[in-house]
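Visitor: coords please:
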Amino acid sequence: MTMARNRTMMKLLFSVGILFQGCDSDVKCRDDNGKEVDWYILYKLPNVNGYGLSYLYMDESTNGWKVSKEAINSDSGTLANTLKPLLDFYKRKTEGLGYMLYNDQPPDPYVAPASFGHSKGVVMLDKQTGVWLSHSTPKFPKYRSKDFWPHSGSVNAQTFMCVTYSYEEFKEIGLQLKYIHAYSYDSDIPGTFHNDLQCVAQRSCYPKKKPWFRKKMLTSLNGRKFYSFAKYKRFGDDLYSGLIVNYLKQNLYVKSWGKMRRPLSSNCSSSIPHHVYNVKKVKIPEMKPFSDTVDHSKWCVTHEDGWTCIADMNREESQMKRGGGAICTENRAVRRAFRSMVQSHEKCKLASPHSDAQDREL
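Guide: Numbering: from 1, shown residues only. Below is the predicted model of the structure:
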């Protein structure tokens, strides 16, 4: 009888221990001070006048950009604080933590086939909370190293977007990554976690039938709404003019890499409901405007009040046939911060009174 009571007590203590562990989850987006935040966006500056490791920071409390006092590769900066559960896992495997690192330009010794999506990110979660950190930086994070920042990462401007979600939202995130067809180069997803996350981590799943895209609203831990757009390679069109503009229903300014082999021109065609303009120069307070040739970030912003999307893809011919996606927010402060950065854009080759009016406004 005593042994039975002891076993019952042990089960109870184990359950309570799991409960307390879950409530004290460390897997959340964190700022420069290590404080938990619902979401943040980073804009790492290009290596112009020594700014290569500097970054702008924004979350719900900042009402726009602020300059971080930390370097992007600092072990006390935003990225290091957010990645701490993963870096600790490398030292000693932590029970109950799952993660997946994906990148179409992964660190050595991996090479991603072009059949996979043009996408980069970190998924990290336990059974309570998790983060989806989408970004544009090749070779980030480095393979199983406490020195997570790649040496090549200081050259160009990059963007990062981190959102904290409850565990249940990662079922939908797994499906989005399935459509993106993300190339996972390092992962450890426990067998009790969502099936779609497991198969994406194992590079063993992708969409089998139409539609070749998926749009999903995701709700952050604090109840904020984010919209994830994902397209599979068989979608066969540009992420921005073929998908996003159809839903946001406004003209878009798109920032993508300026050193592409076959870039797509700004699109004012009557075949799409609104126009899509390529951003050519970005301006940041106290810096001279810099061109898209030193800015590897991918994002778009609506012309009027509305939307900002942090994206995976460039506007380039070959990427019409690759998977990728974007995470969008209808946050006025975010939209205002990104819209103010548009210094100049490429005019449309197809002239129209509407496109000319837009060009004059800038």
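Visitor: Spell out, range by range, the helices that occur in the stretch 51-200 of the chain.
Guide: Along the stretch 51-200 of the chain, counting by DSSP state H, counting those that start in this stretch, helices occupy 78-91, 170-180, 195-201.
Visitor: Thr219 is nearest to which of those helices?
Guide: Nearest to Thr219 among the helices of the stretch 51-200 of the chain is helix 170-180 (9.6 Å), distances taken as CB to CB. The C-beta positions use only the backbone N, C-alpha and C, and glycine is treated the same way.
Visitor: where does the chain dip in pLDDT?
Guide: Scanning the chain with the threshold set as pLDDT under 70 gives 1-24, 350-362.
Visitor: Kindly list the longest strand within it.
Guide: strand 158-166 (DSSP state E).
Visitor: Buried residues of it, list them for me.
Guide: Burial within strand 158-166, assessed by neighbour count using 16 or more other CB atoms under 10 Å, is assigned to Gln158, Thr159, Phe160, Met161, Cys162, Val163, Thr164, Tyr165.
Visitor: and what of stretch 283-292?
Guide: For stretch 283-292, burial by neighbour count (16+ other CB under 10 Å) applies to Ile284, Phe290, Asp292.
Visitor: which residues touch it?
Guide: 43, 45-46, 48-49, 51, 56, 65, 157, 255-258, 278-282, 340-344 (CB atoms under 8 Å, 6 or more residues apart in numbering).
Visitor: ok, the residue nearest to the spatial centre of the chain - contacts?
Guide: Nearest to the geometric centre of the chain sits Ser134, at 1.8 Å (CA atoms, centre = their mean). Contact analysis of Ser134 by CB under 8 Å, 6+ apart lists Ser119, Lys120, Gly121, Phe160, Met161, Cys162, Ile310, Asp312, Ile327.
Visitor: Tell me which of the helices of the stretch 51-200 of the chain sits most buried.
Guide: Each of the helices of the stretch 51-200 of the chain was scored by mean neighbour count; the highest is helix 170-180, a mean of 23, by mean count of other CB atoms under 10 Å.
Visitor: Other residues contacting that helix?
Guide: Applying CB under 8 Å, 6+ apart, the contact partners of helix 170-180 are 102, 117, 119, 123, 125, 130, 132, 165, 193-197, 199-200, 205-207, 212-214, 216, 218, 228, 230-232, 312, 323-325.
Visitor: pretty sure Tyr227 contacts Lys216?
Guide: Yes. Applying CB atoms under 8 Å, one finds Tyr227 in contact with Lys216, separated by 7.3 Å.
Visitor: okay, these two: which has more neighbours?
Guide: Shown here are Tyr227 and Lys216; by other CB atoms under 10 Å, Tyr227 has more neighbours (18 against 15).
Visitor: before we move on, what SS does that one have?
Guide: Following DSSP: H, G, I helix; E, B strand; the rest coil, the label given to Tyr227 is strand.
Visitor: Spatially nearest residue to it, not counting backbone neighbours?
Guide: What sits nearest to Tyr227 in space, not counting adjacent residues and going by CB to CB, 6 or more residues apart in numbering, is Cys328, at 4.5 Å.
Visitor: quick check: angle from the helix or strand containing that neighbour to strand 158-166?
Guide: Using DSSP states H and E, Cys328 maps to strand 324-329. On the basis of axes from the mean of the first three to the mean of the last three CA atoms, to 10 degrees, strand 324-329 is oriented at 70 degrees to strand 158-166.
Visitor: Quick check: the gap between Arg334 and Leu125.
Guide: Residue 334: Val, not Arg. Going from Val334 to Leu125 by CB to CB, to the nearest Å gives 24 Å.
Visitor: on that earlier part again, report how many residues lie close to the residue nearest to Tyr227.
Guide: Neighbours of Cys328 under the rule other CB under 10 Å: 28.
Visitor: List the residues that contact it.
Guide: Phe226, Tyr227, Ser228, Phe229, Ile244, Leu248, Trp307, Thr308, Cys309, Ile310.
Visitor: Likewise for Glu60?
Guide: Residues near Glu60 by CB under 8 Å, 6+ apart: Val37, Asp38, Trp39, Arg224.
Visitor: got those as TSV, with neighbour count, secondary structure and distance to Glu70 columns?
Guide: Listed next are the contacts of Glu60 as TSV, based on neighbours: other CB atoms under 10 Å; DSSP: H, G, I helix; E, B strand; the rest coil; distance: CB to CB, whole Å:
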residue	neighbour count	secondary structure	distance to Glu70
Val37	23	coil	15
Asp38	18	coil	20
Trp39	24	strand	18
Arg224	16	coil	25
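Visitor: quick one: which of the residues you listed is nearest to Leu86?
Guide: Val37 (17.4 Å).
Visitor: The closest one contacts Thr164, correct?
Guide: Yes. Between Val37 and Thr164 there is a contact under CB under 8 Å: 7.3 Å.
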